[in-house]
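Colleague: Here's my sequence, what's the structure:
(one chain, ligands or ions: 2)
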Amino acid sequence: MSIFERWRLKQNPYTTSPIDKENLDLFVGRKNKVKRAGNVISEKSIVIVEGKRGVGTTSFGNYIRFQKELKGKNLTPVRELSVGNGWNEEILIANVFSSLIWELEGKIPDKYKDRYNEIKLIAHQIRETYRNISLQLSVVGTGGGIGINKQTNVIMPQLYPTATLIQHLLEIKKLVEVSGFNKDTIIQLNNLDIDVLFSSQQLILFLNDIRDILQIEGYTWILVGDSGLRSCISDKVDRLDDIISYDCIIEPLTLDEVYLTINKRLKKFAQKENYLKPLSDNLIEILYHATNGRIRQIFGFSTRLIHSVSDHLLIEQITTDIALPIIKREVEDKLRQNNITRREKMVLEEIAENPGISPSILSSKTSLSLPNLSRLLSHLLKARFVSFERAGRIRRYNVSSDVLIALTK
Ligand SMILES: Nc1ncnc2c1ncn2[C@@H]1O[C@H](COP(=O)(O)OP(=O)(O)O)[C@@H](O)[C@H]1O
Ligand SMILES: [Mg+2]
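Modeller: Residues are numbered from 1 along each chain as shown. Ligands and ions are numbered 1, 2, ... in the order given. Reported below is the predicted structural model:
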């Protein structure tokens, strides 16, 4: 029996999977931005979708492109293209190429089937070439795409002349058209996150490398990444900034929109009319504030809490009273496992009380010297109990959301 049956639900309403083609009806809010982005991608364009991690950037991009596809004549691959470490222009084209081949399967008119099969064969050869060379470089394919694993820092050597690959993209575009899609093909690139998956240096190299691809006729691009993607492009990527049509900044949903999101899912996933709500609204509100409204983290928390009460059959709803002790216990365990010292814990408490605090203020509040403090902070960073944002030259520290709840509630 699925644990969700306890609430008379067919599945987890707090799943963290992005909105996709199958569940566009679950998308909530962002009306103006959807409208504007939708208008922009009607013509050849490059749209940037940027936001803090977990606020819903991937979902937003998916929503606008699948809406476009539903309304008519744009093709857009169902498969997600997530840019990986070491990607270059060629790997991008090879991935776009194979996802379009896959997408067109079954949609090609008889007259063009032979041509399609020829191109499919080429796509297959390209994939195989990459797979082989990937193995030699101890590089791995990622989820159906072609890529390089995170630990390596290898940049793939160029295997096919770019001109040839571009030619292939133009040819496949013709097949897309004869299959009834006479508007631009929309390609979304996820994961353009600075400092997370790659260094900003690598991201800049990649974007410089693919600039010409982004200008090929017949293709519209949605580039999805962390806050700061656009300014990184303006500062460091030649001749790309002026051809960006719209820089769409995604803010967290409001608390009411998060409630609405949850209620929609509960209704949709209900087995019967009288389903129950697994988490209380009050608890969602606490999670909302602790995560700065990042819905991915709210849902991640919710799912973990549900699993941690799975043995307690008497719990009908996870309320704040039930959740807080669980979160505190988990955090205590994690602190112990990571050998967090008393001093480090004191630093954590100070940051929890003063969100966004800078090292110099932290140093005066804790009476720790700056060198000492920075040693402690780097341990806490490594164990992911804290993170920082840059404000000019200053680093502003915050504790992770579970630590924040455990230490302040
Ligand atoms: N506008 C929205 N309406 C409803 N649910 C959303 C919306 N945006 C995001 N979500 C949900 O939030 C979670 C995280 O979304 P995702 O797009 O993966 O965020 P990000 O790409 O910013 O990490 C997923 O469960 C997704 O379904
Ligand atoms: Mg995402």
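
Colleague: Show me what from the stretch 251-400 of the chain comes close to ligand 1.
Modeller: Applying CB under 6 Å from any ligand atom, we find that the stretch 251-400 of the chain lies next to ligand 1 at Thr261, Ile295, Arg296, Phe299. C-beta here means a position set from N, CA and C on the backbone, and glycine is covered the same way.

Colleague: Remind me which helix or strand the first one belongs to.
Modeller: Looking back up the chat, that one is Thr261. Take DSSP states H and E as the rule and Thr261 turns out to sit in helix 255-269.

Colleague: tally of neighbours for the residue in the chain positioned nearest to ligand 1?
Modeller: Proximity of the chain to ligand 1 (CB to the nearest ligand atom) peaks at Gly56, 2.7 Å away. Residues within reach of Gly56, counting by other CB atoms under 10 Å, total 28.

Colleague: so it sits right up against Arg296, yeah?
Modeller: Yes. Contact criterion CB atoms under 8 Å: Gly56 and Arg296 qualify, at 7.5 Å.

Colleague: how far is the helix or strand bottoming out on mean pLDDT in the chain from where the chain is centred?
Modeller: Lowest mean confidence among the helices and strands of the chain (mean pLDDT, DSSP states H and E): helix 113-136, at a mean of 79. Relative to its parent chain, helix 113-136 has a centroid offset of 28 Å by CA atoms, centre = their mean, to the nearest Å.

Colleague: Could you do stretch 282-298 as well?
Modeller: On CA atoms, centre = their mean, the centre of stretch 282-298 falls 17 Å from that of its chain.

Colleague: Then stretch 246-256?
Modeller: How far stretch 246-256 lies from its chain's middle: 14 Å, per CA atoms, centre = their mean.

Colleague: for Tyr275, what are its contacts?
Modeller: Under the criterion of CB atoms under 8 Å, 6 or more residues apart in numbering, the neighbours of Tyr275 are Trp7, Arg8, Leu9, Leu266, Lys267, Phe269.

Colleague: Tabulate those residues (JSON lines), appending pLDDT and neighbour count.
Modeller: Listed next are the contacts of Tyr275 as JSON lines, based on pLDDT from 0 to 100; neighbours: other CB atoms under 10 Å:
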{"residue": "Trp7", "pLDDT": "92", "neighbour count": "19"}
{"residue": "Arg8", "pLDDT": "92", "neighbour count": "15"}
{"residue": "Leu9", "pLDDT": "94", "neighbour count": "22"}
{"residue": "Leu266", "pLDDT": "96", "neighbour count": "18"}
{"residue": "Lys267", "pLDDT": "95", "neighbour count": "11"}
{"residue": "Phe269", "pLDDT": "95", "neighbour count": "18"}
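
Colleague: Good, we can wrap up now.
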